[in-house]
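*Asks:* Fold the following for me, if possible:
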Amino acid sequence: MINVVIFDDNNYRRESLEMLLQMTGNIKCSGTFPDCINLAEDIKATNPDVVLMDIDMPEINGIEATEMIKKYFPSVHVLMQTVFDDNEKVFASICAGAEGYILKKSTPAQIIKAVEDVYNGDAAMTGSIAKQVLEAFRNQKFFQTPANFSLTNKEKIILSGLVNGLSYKMIAAENNISYHTVNSHVKKIYEKLHVHSVSEAVAKAIKEKIV
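*Replies:* Numbering: from 1, shown residues only. Alright, predicted model coming up:
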């Protein structure tokens with residue numbers, strides 16, 4: 001069961017999302033909040049696996065809230081919600097640690113799939129945003145020499161697949177291994193790179209020229 005919490009200042013949308021999630025067999029909604037003023041307390045009280053976070057929030061915006069979540073609750077996955085495909089804000093969200101984003105006009109099926117994707121370790125984002133993230137890190141001048149994080153050859157292959165935007169299932173099929181094996185390798189990669197999400201792993205891989 002995937003435990004989801006919603007942060008959105010629109011009452012109607014919060015209620016609609018909660019209803020949608022509660023109708024899904026493998027997802028439950030343990031809390032909805034109109035702002036992030038008591039973010040830490042709210043996260044501790046609900047212990048979510050995934051947070052559905054509105055980008056444009058009063059007082060503390062969704063990008064700032066994502067940074068806080070990733071700092072104090074690194075195992076919590078963050079899925080951003082936005083009205084427009086605003087590359088600048090979405091890019092900032094991904095850099096803050098969000099695993100992906102969805103447009104508010106997305107269909108119920110797309111929302112559910114995005115929640116499941118980030119929960120399973122896959123990044124939920126469009127190709128244009130993924131490309132922007134990659135290009136931003138590739139263009140940094142201070143990324144000079146590769147670092148050694150003691151990754152095995154197999155872990156580098158798995159990490160390379162993530163950098164190229166492949167899902168766990170696609171990596172498993174391409175390397176003739178099981179989904180479970182990919183997941184195990186990714187956990188070890190996270191430990192060695194000191195990251196907590198696919199987006200962070202990809203960013204560090206490119207920054208440090210690991211693959």
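*Asks:* going on from the top helix by length along the chain, what's the next piece of helix or strand?
*Replies:* Ranked by residue count, the top helix of the chain under DSSP state H comes out as helix 179-193. Tracing the chain C-terminally past helix 179-193 and defining elements by DSSP states H and E, one meets helix 198-207 next.
*Asks:* Distance from the chain centre to that next one, please.
*Replies:* On the basis of C-alpha atoms, centre = their mean, to the nearest Å, helix 198-207 sits 12 Å off its chain's mean C-alpha point.
*Asks:* helix, strand or coil for residue 113?
*Replies:* Here residue 113 is helix, with the state taken from DSSP: H, G, I helix; E, B strand; the rest coil.
*Asks:* How about the spatially most central residue of the chain, nearest residue that isn't a chain neighbour?
*Replies:* Using C-alpha atoms, centre = their mean, the residue of the chain that lies closest to the mean C-alpha position is residue 99, 1.0 Å off. Nearest residue to residue 99 in three dimensions, chain neighbours excluded: residue 118, at 4.0 Å (C-beta to C-beta, 6 or more residues apart in numbering). Using the backbone N, CA and C atoms, a C-beta is placed for each residue, glycine as well.
*Asks:* does the one you found sit in a helix or strand, and which one?
*Replies:* Assigned by DSSP H and E, residue 118 belongs to helix 108-119.
*Asks:* May I see the buried residues of that helix?
*Replies:* By 16 or more other C-beta atoms under 10 Å, the buried positions in helix 108-119 come out as 111, 112, 114, 115, 116, 117, 118, 119.
*Asks:* got the CA coordinates for it in CSV?
*Replies:* Only the C-alpha atoms of helix 108-119 are listed here, as CSV (Å, rounded to 0.1, in the frame of the first residue of the first chain):
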residue,chain,number,x,y,z
PRO,A,108,-6.7,10.2,-13.1
ALA,A,109,-4.8,7.3,-14.7
GLN,A,110,-1.8,9.5,-15.4
ILE,A,111,-1.8,10.8,-11.8
ILE,A,112,-2.0,7.3,-10.4
LYS,A,113,0.8,6.1,-12.7
ALA,A,114,3.0,9.0,-11.7
VAL,A,115,2.6,8.2,-8.0
GLU,A,116,3.4,4.6,-8.6
ASP,A,117,6.4,5.5,-10.8
VAL,A,118,8.1,7.7,-8.2
TYR,A,119,7.3,5.2,-5.4
